[in-house]
Structure formats: structure tokens, C-alpha cells
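Trainee: Please work out how this folds:
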Amino acid sequence: IMTAHLIVTDDDATRVITMRRPEKKNAITQDMYRAMSDAIDTAQNNPAIRCIVITGGSGVFTAGNDLDDFLKDGTSTGDKPRASNAAKFLYSRAHNTKPLVAAVDGIASGSCTTMLFHCDQVLASTTATFSTPFIHLGLVPEGASSLLAPQNLEPPRTFAMLVMGRTLSADDARDAGFVNTVVAPGHAEAEARKVARDICALPAEAVAISRKLLKLPPEDLTRRIDQEGHLFGERMRSQEAIAAFKAFFARKKS
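Mentor: Model (predicted):
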């Protein structure tokens with residue numbers, strides 16, 4: 001499977017989803033969200049796929065949402081709090097039953113840092129950074145991150161990250177228990193594929209049942225996704241957010 005900015009390949013029993021938009025630091029468009037959802041959804045009832053790896057290749061994971069595309073898609077008006085493809089991706093993550101491994105080499109910002117809270121293993125290079133800067137645009141956490149981050153991080157770090165928009169380094173993230181292993185730059189994807197192969201070698205049914213026991217029920221995740229999405233939509237229409245977006249785009253132009 002391949003779209004303009006996303007490559008999906010099956011390597012034995014591992015499905016590898018690669019974001020490929022280097023000229024925009026892998027900023028995610030609605031088309032990319034849809035393709036990632038499809039890649040996860042179509043793996044669910046396919047017994048040949050035992051594990052999923054998400055990577056941005058070398059140098060960057062993703063700079064988060066492509067804001068031009070995000071706003072153009074009508075996210076700031078109407079009753080729907082989030083663009084449908086982004087929302088679909090959140091639901092795909094919540095309902096995913098396959099072990100999910102992330103390879104982060106460089107920047108991971110916004111919605112794709114919150115995605116990592118859904119992952120079972122996170123491999124990061126020493127150059128990786130993690131941030132959820134929603135607050136600077138007058139927005140709130142999404143993707144069930146307000147539910148999952150406190151499970152991954154201690155309260156002061158959760159507040160610093162989700163409420164203050166502070167950035168975590170790879171070592172900070174490992175110390176916090178959010179990242180499993182820190183590796184040399186350029187090696188995160190290779191190490192993630194190794195971890196995936198290890199998972200694929202284990203008894204599939206036992207892995208699936210054990211993983212389910214460790215995870216929150218999907219309905220808990222989707223309930224929080226909906227709650228956050230409603231608030232996110234309200235915030236998008238707030239004077240505070242509108243002013244923050246105007247200032248952001250003015251800075252981009254200057």
C-alpha cells in the first residue's frame with residue numbers, strides 16, 4: 001500500500017507503516033491519517049500480521065498535524081469537533097489488537113506523541129524529542145492522552161507535558177518509563193523491527209490475550225477520545241485559539 005506520503009509494507013509477520021513527507025517534517029495530512037487507519041484496520045482480522053511498526057524514517061518522526069491541511073479540512077467550524085480522518089485514526093488506535101511498536105528518530109510532536117501512549121514498545125534515538133504543544137494554540141490534549149499519559153508518566157511530568165507544552169528528551173522519556181530503549185541516531189527503525197520480530201516469534205494467542213489484559217478496554221479509550229474531541233472542537237472556535245492560530249501563521253510568514 002502506498003500513498004503520496006505514507007508507505008505500508010509487510011515484512012514477514014510485521015506490518016511497517018512509514019511516514020514519508022520529509023520536506024514537511026512528516027507533518028500529517030488528512031490523507032495520511034486515512035491511510036494509517038486503513039493500515040491498522042486491515043491488519044486486525046489478518047492472522048498473518050502479528051505486529052505493527054510505525055516509523056518516520058531517519059531524522060524525524062513527525063511534526064504533528066499539518067496545520068494548513070487541518071484547518072482547511074473544516075475542523076474549526078460545524079458540529080464535528082475533529083476532522084473525520086483524524087478521528088477515524090484515533091478510533092483505529094483505540095480498537096487495535098495487534099502489538100504496536102514505534103521507532104522515533106528526531107522530533108515527535110503533537111498528535112503523534114499522543115499516539116505513542118497507545119504503543120506497546122517505543123524505541124527512540126538520542127535525538128528524539130517528545131512534545132504536545134496543543135496549549136500554545138489554545139487547545140487541549142487529544143487521542144485519549146489525558147487518560148493514558150498519567151499511566152505512563154508521573155503527575156508533575158504529565159502536567160508539564162500536556163498542560164505546559166514542555167518537551168521531553170529521549171533520556172527523560174526513558175526515565176519516565178514512556179520510552180523502552182534509547183539507541184544511536186538512525187538506528188531506531190532497525191531496533192524496532194528487531195523487537196517486532198521477537199514479538200512475532202511468541203505464541204500469537206497468548207500474546208493477544210496478555211496484551212488485552214494490560215490495556216484499558218477500547219470503550220474507555222473511545223469515551224475519553226470523544227470527550228476530548230468535544231472540548232477540542234469547542235476550543236477551536238474559542239477567541240483564545242483563533243488568536244493563537246493567527247499569531248502562529250503570522251510568525252510562519254515573517
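Trainee: Residue 100 reaches residue 55, doesn't it?
Mentor: No: at 11.7 Å, residue 100 does not count as touching residue 55 under the criterion of CB atoms under 8 Å. From N, CA and C alone the C-beta is placed, and that goes for glycine too.
Trainee: hey, which helix or strand in this protein has the poorest pLDDT?
Mentor: Using mean pLDDT, DSSP states H and E, the weakest-scoring helix or strand in the chain turns out to be helix 67-72, at a mean of 72.
Trainee: Now do the next helix or strand after that one, average pLDDT.
Mentor: Secondary structure here is assigned by DSSP states H and E; on that basis, the next helix or strand after helix 67-72 toward the C-terminus is helix 84-95. Across helix 84-95, the average pLDDT comes to 92.
Trainee: In the sheet, which strands lie alongside the helix or strand following helix 84-95, parallel or antiparallel?
Mentor: Taking DSSP H and E as the definition, the helix or strand that follows helix 84-95 towards the C-terminus is strand 100-104. Using DSSP bridges, strand 100-104 pairs in its sheet with strand 51-55 (parallel), strand 121-125 (parallel).
Trainee: Of these, give the one that comes closest to residue 131.
Mentor: Taking CB to CB, strand 121-125 is the member of those nearest to residue 131, at 13.2 Å.
Trainee: could you dump the closest one to CSV, C-alpha only?
Mentor: Listed in CSV are the C-alpha atoms of strand 121-125, where the atom choice follows Å, rounded to 0.1, in the frame of the first residue of the first chain:
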residue,chain,number,x,y,z
GLN,A,121,7.1,-0.6,22.8
VAL,A,122,8.8,2.7,21.9
LEU,A,123,12.3,2.8,20.6
ALA,A,124,13.9,6.3,20.4
SER,A,125,17.2,7.6,19.1
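Trainee: distance between it and the chain's centre?
Mentor: 13 Å (CA atoms, centre = their mean, to the nearest Å).
Trainee: List of residues touching that strand?
Mentor: Contacts with strand 121-125, where a contact means CB atoms under 8 Å, 6 or more residues apart in numbering, come from 99-106, 116, 170, 173-174, 178-188, 191-192, 195, 199.
Trainee: Please apply the same query to stretch 21-30.
Mentor: Counting by CB under 8 Å, 6+ apart, stretch 21-30 makes contact with 5, 19-20, 32, 56-57, 59-67, 69-70, 73, 83, 85-86, 107, 111-112, all of which sit outside it.
Trainee: Can you flag the buried ones in the residues you listed?
Mentor: If you count burial by 16 or more other CB atoms under 10 Å, the buried members of the contacts of stretch 21-30 come out as 5, 19, 32, 56-57, 60-67, 69-70, 73, 83, 85-86, 107, 111-112.
Trainee: Can you give me the neighbour number for residue 103?
Mentor: Summarising burial for residue 103: neighbours were counted as other CB atoms under 10 Å, giving 30.
Trainee: Go ahead and confirm it touches residue 186.
Mentor: No: applying CB under 8 Å as the test, residue 103 and residue 186 come out as separate, 10.5 Å apart.
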